[in-house]
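Trainee: Sharing a model that was predicted from the sequence below.
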Amino acid sequence: VAIVVVTGTGTGVGKTYVSAALAALSTQRGWPTAYLKLAQTGVPGDIPDTETVQRLAPDTTTVEGARYEPALSPAAAARATHTPPPDLHDLAGLAQDLERQHRLVVVEGAGGLLVRYDEDGATLADLARDLGAPVLVVAEPGLGTLNTTALTLEALAHRGIQLDGLVIGAWPEHPGQAERSNIGDLETISARPLAGALPRGAGKDPAHFVETARTSLAPQYGGTFDAQAFRNRWRQ
Ligand SMILES: Nc1ncnc2c1ncn2[C@@H]1O[C@H](COP(=O)(O)OP(=O)(O)OP(=O)(O)O)[C@@H](O)[C@H]1O
Ligand SMILES: [Mg+2]
């Protein structure tokens, strides 16, 4: 797979850390790797996602498609600033340009799957479908994730978009009953083993990030994450 589209069950679920982990494993294999943040909002208030990925996976080509200061959806941020919204068709072209020059292109959306990019209601799902690219879904670990994950997976299936893998974005050090119980249910609703689980706080230590990435992502992403072992470890 050359392009992987990364979405999540919402905003702040760990998409950027999972994207950085994909990029870190890919660059460590010596693969030319690109990361594209389609539309960054909330900057300069927040650190841009490209900066986080560059810090954790320094050999990655990082590109930002559009930037808006308000911490809103891309469509709303463009409206609020009276500037043109991002053009997802152009951005799909940009992803394809990057694909010609890299072995892996990680494309991160804003927020969750159906966040609007413009007033016509273009979403990341449209872009994934146009590119024919599979989508990696980053899920929250705790209470509420079964619903938002199921909704996201159903929206993908409804549009004929391939699910690349389901990854938990920030697995807590001391998971409670809901988190532990959710592992099996997330695998049930996605009808497959987890493709990874990144420990919460994984990004704090750039020097060890690639090791963490390796143990947190499944072999399909170049890691050693073992879904069965993870499931058994936290079985209650
Ligand atoms: N695995 C992780 N390691 C360290 N911090 C994390 C991790 N996952 C989430 N966080 C924390 O949660 C915040 C949100 O994570 P992240 O930026 O990856 O979310 P996102 O899904 O990319 O959000 P956005 O929709 O804004 O792009 C981070 O700023 C960080 O503080
Ligand atoms: Mg992000």
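Mentor: Received the coordinates, thanks. Ligands and ions are numbered 1, 2, ... in the order given.
Trainee: Beyond the lengthiest strand in the chain, next helix or strand please.
Mentor: In the chain, taking DSSP state E as the definition, the longest strand is strand 163-171. Elements were assigned by DSSP states H and E; along the chain past strand 163-171, the next helix or strand is helix 177-190.
Trainee: dump the residue contacts of residue 235.
Mentor: Taking C-beta atoms under 8 Å, 6 or more residues apart in numbering, we find residue 235 in contact with residue 180. Where C-beta positions appear, they are placed from N, C-alpha and C, glycine not excepted.
Trainee: give me the number of residues near residue 153?
Mentor: When neighbours are defined as other C-beta atoms under 10 Å, residue 153 has 22 of them.
Trainee: in which helix or strand would I find it?
Mentor: helix 145-158.
Trainee: Next, the angle from that helix to helix 177-190.
Mentor: Interaxial angle of helix 145-158 relative to helix 177-190 (axes from the mean of the first three to the mean of the last three C-alpha atoms, to 10 degrees): 20 degrees.
Trainee: can you give me the mean pLDDT across helix 145-158?
Mentor: For helix 145-158, mean pLDDT is 98.
Trainee: Would that helix count as contacting ligand 1?
Mentor: No. Judged by C-beta under 6 Å from any ligand atom, helix 145-158 makes no contact with ligand 1; its nearest approach is 12.2 Å.
Trainee: and if you look at stretch 102-122?
Mentor: Yes. Counting by C-beta under 6 Å from any ligand atom, ligand 1 has neighbours in stretch 102-122: 110-111.
Trainee: ok, the residue lying closest to residue 219 once chain neighbours are set aside - contacts?
Mentor: In this structure, residue 219 finds its nearest non-sequential neighbour in residue 225, 7.7 Å apart by C-beta to C-beta, 6 or more residues apart in numbering. Going by C-beta under 8 Å, 6+ apart, residue 225 touches 194-197, 215-219.
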